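1. starting from these lines, generate the structure:
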Amino acid sequence: MDTREEMQKILDSLAQQRDELIVQAHLAKLEAMEEWESMEGKLTQLRTKASQASNVAEDAAKDIKAAAKQLAEEISRGYDKIRKLF
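-> So this is what the prediction gives:
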């Protein structure tokens, strides 16, 4: 194989790698956006629960607090997942 063919082979390989990374980056962006939208909805739910907790009796507030804590943990895991996509 001559120098020109070798260089073309290298360029072709790099072009293929680049194209694959473009596709992967696009898919990661879509996945991150889907996860982000899901976390935004959960954050809205958490804010609602926090607001409810201040307006109810102590027993009910404990239940709301437990549910809110679980939701906060889900949101945190979701943010971690998004962070890993970058």
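
2. and the host helix or strand of R83, what's buried?
-> Under the criterion of DSSP states H and E, R83 resides in helix 58-85. Buried residues in helix 58-85, counted by 16 or more other Cβ atoms under 10 Å: 64, 68, 71, 75, 78, 82. (C-beta placed from N, C-alpha, C; glycine too.)

3. ok, now stretch 31-44?
-> The neighbour-count check on stretch 31-44 (16+ other Cβ under 10 Å) flags 32, 35, 39 as buried.

4. contact partners for the first one?
-> Put plainly, it is A32. By Cβ atoms under 8 Å, 6 or more residues apart in numbering, the contact list for A32 reads 82, 85-86.

5. output those residues as TSV; include the columns distance to R18 and pLDDT.
-> Output for the contacts of A32, formatted as TSV (distance: Cβ to Cβ, whole Å; pLDDT from 0 to 100):
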residue	distance to R18	pLDDT
I82	24	87
L85	19	80
F86	19	76
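
6. closest one of those to D19?
-> Within the contacts of A32, the smallest distance to D19 is 19.5 Å, found for L85 (Cβ to Cβ).

7. A28 versus that closest one, what's the distance?
-> From L85 across to A28, the span is 5 Å (Cβ to Cβ, to the nearest Å).

8. can you give me the distance of the most centrally placed residue in the chain to A53?
-> Residue closest to the mean C-alpha point of the chain, counted by Cα atoms, centre = their mean, is I82 at 2.6 Å. To A53, I82 is 27 Å away according to Cβ to Cβ.

9. relative to F86, how far out is D12?
-> Distance, D12 to F86, by Cβ to Cβ: 29 Å.

10. which of these two has more residues huddled nearby?
-> With neighbours defined as other Cβ atoms under 10 Å, D12 and F86 compare such that D12 has more, 10 against 7.

11. cool, thanks, talk later.
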